[in-house]
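>>> just to be clear, the model below is a prediction. Sequence and coordinates:
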Amino acid sequence: MQRFKCCLGFVLLLGSIGACSSTEAVPFELTVSPEFVHGLVPGAPVIVVATITDEAATDQPAIITATAEGASVAVEPATIQSGEVAEIVINAEPTADDRPITIEVTATRGKELKSASWQTTVFAVEDDRGPYARELLALFTAWLADNEPDLGITPTTEFSGAMTSPELLVVSHYAFVSDEWELRLSWHIMVPPDDWSEITLRARDELLPTVAYRMASQRAALVGDLVIEQVDIQSPGAR
């Protein structure tokens, strides 16, 4: 499937628009992830994930659409049924100044419509984190190949990468996507022993990440002392 400044505020609106009679489509709920979008960087796509839950049994799909002024938006797949997920890829256009942006995701089935929206900011910055993020990714993928082979992630797995949460300080963030996985990488900009790094993994047919791993020390790992262990997922709802 192919799919601030410190923390920015956001608004999440989830509601039903319009009425539906007993002869119309089965009502449903729309759920979206992440809960927060901590800024966008032009040319660095961010993935938002949506799913629906039906109130009664039906084989009718819902149509998923999305808008974001000043950004390109792609939805895959465009229709889903209860329990399935759609990925919405938002790629902000170049901007000379930091500017606000609203992202809205809508699910429609017959006259039943549900929507969710976020307010965030597009930051006119360049990606200065990619090369180092790739170094850390290589350490994690090598470890996963040896220790978690069932995931199917190895150093040769092809990942595209994008900078996320551009204005968050102290902890840097990057996102990598393969055919099967969305991998969220973060690293603490501190000296040992507090220079940890962490990844969360979301299968691309799932709404939320299901597993996370932490590297004890970046500096130690880069000189050959690699210590990684599985950890609880602390905050799956942010980008």
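Alright, I've got the coordinates.

>>> for the closest residue to Thr65 other than its chain neighbours, give me the pLDDT.
Nearest residue to Thr65, sequence neighbours excluded (CB to CB, 6 or more residues apart in numbering): Thr106, at 5.0 Å. Bear in mind the C-beta positions are built from the backbone N, C-alpha and C, glycine included. pLDDT for Thr106: 98.

>>> kindly report the same for Leu169.
86.

>>> run through the chain and note the low-pLDDT ranges.
1-23, 235-239 (pLDDT under 70).

>>> longest helix anywhere in it?
Secondary structure of the chain read by DSSP state H shows that its longest helix is helix 130-147.

>>> roughly how far apart are Thr67 and Ser115?
Using CB to CB, to the nearest Å, Thr67 is found at 10 Å from Ser115.

>>> now do the shared contacts for those two.
Contact criterion CB atoms under 8 Å, 6 or more residues apart in numbering; residues bridging Thr67 and Ser115 by contacting each: Glu104.

>>> more neighbours, those two?
Higher neighbour count among Thr67 and Ser115: Ser115, with 19 against 15, using other CB atoms under 10 Å.

>>> and stretch 66-81, how far from the chain's centre?
Offset of stretch 66-81 from its chain centre (CA atoms, centre = their mean, to the nearest Å): 14 Å.

>>> now do the end-to-end distance for it.
Stretch 66-81 has its terminal residues 17 Å apart, counting by CA to CA, to the nearest Å.

>>> before we move on, what about stretch 37-50?
Chord length of stretch 37-50, first to last residue, is 14 Å (CA to CA).

>>> quick check: bridge partners of the residue nearest the centre of the chain?
Taking CA atoms, centre = their mean, the centroid of the chain lies closest to Ile47, which sits 4.5 Å from it. Beta-bridge partners recorded for Ile47 (DSSP bridges): Val89.
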